[in-house]
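1. Build the 3D model from these lines:
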Amino acid sequence: MTRDDIMRLVIEAGGVEGEELDEHLQPIENSMFVEFSENQLKVFVALIEVAEREACANICELLATEKDIRLDYVAAKVCAATIRARGK
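-> Model prediction:
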């Protein structure tokens, strides 16, 4: 998951982004500070879980289309469906 993906989910969950500062109150390069309420944090975690499940399921489906990999097509599809079902 890229930084942009994470920030999209932060915003979707209602979190607030800010700059992370060092001990001299200078912005830390390539870092971020995010603030959530307890409920917003729960929403963010749920969004991350959905995104990660979908990414894993997509890998299973990709394997089902690869001809060089010795993975049964049906097994790969079942794998993808099982991962997606974990969120239901």
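
2. where do the helices sit along this protein?
-> 3-13, 38-65, 73-85 (DSSP state H).

3. Let's have those helices in TSV, adding mean neighbour count and distance to L21.
-> Every C-beta, even on glycine, is put in place using the N, C-alpha and C of the backbone. Formatted as TSV, the helices of the chain follow (neighbours: other C-beta atoms under 10 Å; distance: least, C-beta to C-beta, whole Å):
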stretch	mean neighbour count	distance to L21
helix 3-13	14	18
helix 38-65	14	21
helix 73-85	15	39
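
4. so which of those helices comes closest to M32?
-> When the helices of the chain are compared by C-beta to C-beta, helix 3-13 sits nearest M32, at 7.5 Å.

5. just the angle between that closest one and helix 38-65, please?
-> Per axes from the mean of the first three to the mean of the last three C-alpha atoms, to 10 degrees, the angle that helix 3-13 makes with helix 38-65 is 130 degrees.

6. Any idea which of the helices of the chain has the lowest pLDDT on average?
-> Of all the helices of the chain, mean pLDDT reaches its minimum on helix 73-85 (a mean of 80).

7. counting contacts, what elements does that helix pack onto?
-> helix 38-65 (3 or more C-beta pairs under 8 Å, 6 or more residues apart in numbering; DSSP states H and E).

8. The helix it packs on: how far from the chain's middle?
-> 5 Å (C-alpha atoms, centre = their mean, to the nearest Å).

9. can you give me the angle that helix makes with helix 73-85?
-> Using the same axes, to 10 degrees, helix 38-65 lies at 180 degrees relative to helix 73-85.

10. That's all I had, so thanks and see you.
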